[in-house]
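Q: Next one to model:
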Amino acid sequence: MISIIIPAHNEGQVIARTLKAIIAGATLDEFDIIAVCNGCSDDTADVARSFGSSVRVVETEIASKTHALNIGDAAASAFPRVYVDADVVLTSDAIRQLIHRLERGDVFAVAPTPSVNLTGCSWPVRAFYEIRSLLPSANEGIGGSGVYALSEAGRRRFGNFPALIADDGYVRIQFRLEERETLGSVRSTVFPPKTLRALIATKTRAHQGSFELKDLFPKLWQNRGQSNNRALIRLFRDPRLWFKLVAYCFVTVLARREARKRFRGGTVDWERDDTSRATA
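A: From the prediction side, this is the model:
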């Protein structure tokens, strides 16, 4: 059996989409799906329970993703273990392929390649993600796909999830490049913010999470992966990309500046994007 942990905070609009994709095509007792509803004030838990015995629902009043991940780990008993954000789409076959890769034993963490659904997104958002798709970070699934899977040996790399902004970034830096892999043939569908304002807000939180990891774990930070800087500079050689590059750089500069300000001031705000959930 494969344990699948889904932390969910007020995801009543989208969690059914996530659960349907996982359960469809699954065999009896193939997956142990644990939805950890944390600090919810909506119907997330009720929606998850509507799937009957296919989903175990655990509730906590504490609105914290990392706390929810720890609760899910405590409730789970099987390995490998898959951690899935409640707003992404991942099929049962994709999960099998992730697990099959882990079973070879030469890597300890795997993730799918993110497939970004840009339906309904504004032009700046589409431009941002088109440029991002050309950068090295687009090939890193742990921290972009909303999914990562760990073998039992991989999960032993760390204890409880610490109270951090970026749980996926924390997991990624536990493993050297040769110890983790993003599978190009396996996809998860992610739904980005639809407006420029919402994009800047979510990217601000992402950069703040990176600043936090770099500050707390400077040695592990060396495992983060290739920087985008050189590849970004090379893209400026193509005049056809200039307008889109301006949009990308505008978002990145504003988000990094605000993230640095918050990090230095010790401010932590949960930048939740509701624009991608409203039409789910």
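Q: Kindly check the end-to-end length of stretch 143-160 for me.
A: 18 Å (CA to CA, to the nearest Å).
Q: buried sites along it?
A: 143-151, 154-155 (16 or more other CB atoms under 10 Å). The way it works is simple: take the backbone N, C-alpha and C, and place the C-beta from them, glycine included.
Q: how about low-confidence regions in the chain?
A: 268-272, 278-280 (pLDDT under 70).
Q: ranges for the helices of it?
A: Taking DSSP state H to define them, one finds helices in the chain at 15-23, 44-49, 65-75, 92-103, 123-132, 152-155, 167-172, 196-216, 229-235, 242-265.
Q: if you compare the ones you listed, which one is most tucked away?
A: Of all the helices of the chain, helix 167-172 has the most neighbours on average by mean count of other CB atoms under 10 Å, namely a mean of 22.
Q: Show me what it is packed against.
A: helix 65-75, strand 147-150, helix 196-216 (3 or more CB pairs under 8 Å, 6 or more residues apart in numbering; DSSP states H and E).
Q: re earlier: among the helices of the chain, which is nearest Ala86?
A: helix 15-23 (4.8 Å; CB to CB).
Q: Need the helices of the chain in TSV (columns: distance to Val186).
A: Output for those, formatted as TSV (distance: least, CB to CB, whole Å):
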stretch	distance to Val186
helix 15-23	13
helix 44-49	24
helix 65-75	22
helix 92-103	5
helix 123-132	19
helix 152-155	17
helix 167-172	16
helix 196-216	23
helix 229-235	23
helix 242-265	26
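Q: Among those, which comes closest to Val36?
A: helix 65-75 (4.0 Å).
Q: circling back to that earlier point, quick one, which of the helices and strands packed on helix 167-172 gets closest to Arg176.
A: Using CB to CB, the nearest of the helices and strands packed on helix 167-172 to Arg176 is strand 147-150, at 14.7 Å.
Q: hang on, the earlier thing: now, among the buried residues of stretch 143-160, which is nearest to Asp32?
A: Ala149 (13.7 Å).
Q: Can you mark which positions in the lengthiest strand in the chain are buried?
A: In the chain, with assignment by DSSP state E, the single longest strand is strand 180-190. Residues 180-183, 186-190 are the ones in strand 180-190 that count as buried (16+ other CB under 10 Å).
Q: Specify which member of the residues you listed is nearest to Ala24.
A: Using CB to CB, the buried residues of strand 180-190 come closest to Ala24 at Thr189, 13.8 Å.
Q: In contact with the closest residue to the closest one other than its chain neighbours: list those residues for me.
A: Nearest residue to Thr189, sequence neighbours excluded (CB to CB, 6 or more residues apart in numbering): Val89, at 4.0 Å. Contacts here follow CB atoms under 8 Å, 6 or more residues apart in numbering; on that basis Val89 touches 17-18, 21, 188-189.
Q: Let's have the residues you listed in TSV, adding distance to Val58.
A: Formatted as TSV, those follow (distance: CB to CB, whole Å):
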residue	distance to Val58
Arg17	20
Thr18	16
Ala21	21
Ser188	23
Thr189	25
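Q: Which two of the residues you listed have the greatest separation?
A: So for the contacts of Val89, where distance means CB to CB, the most widely separated pair is Arg17 and Ser188, at 12.3 Å.
Q: quick one on the thing from earlier: and of the helices of the chain, who's closest to Ala109?
A: With CB to CB as the yardstick, what comes closest out of these is helix 152-155 (5.0 Å).
Q: Run the chain-centre distance for that closest one.
A: Chain-centre distance of helix 152-155: 19 Å, with CA atoms, centre = their mean, to the nearest Å.
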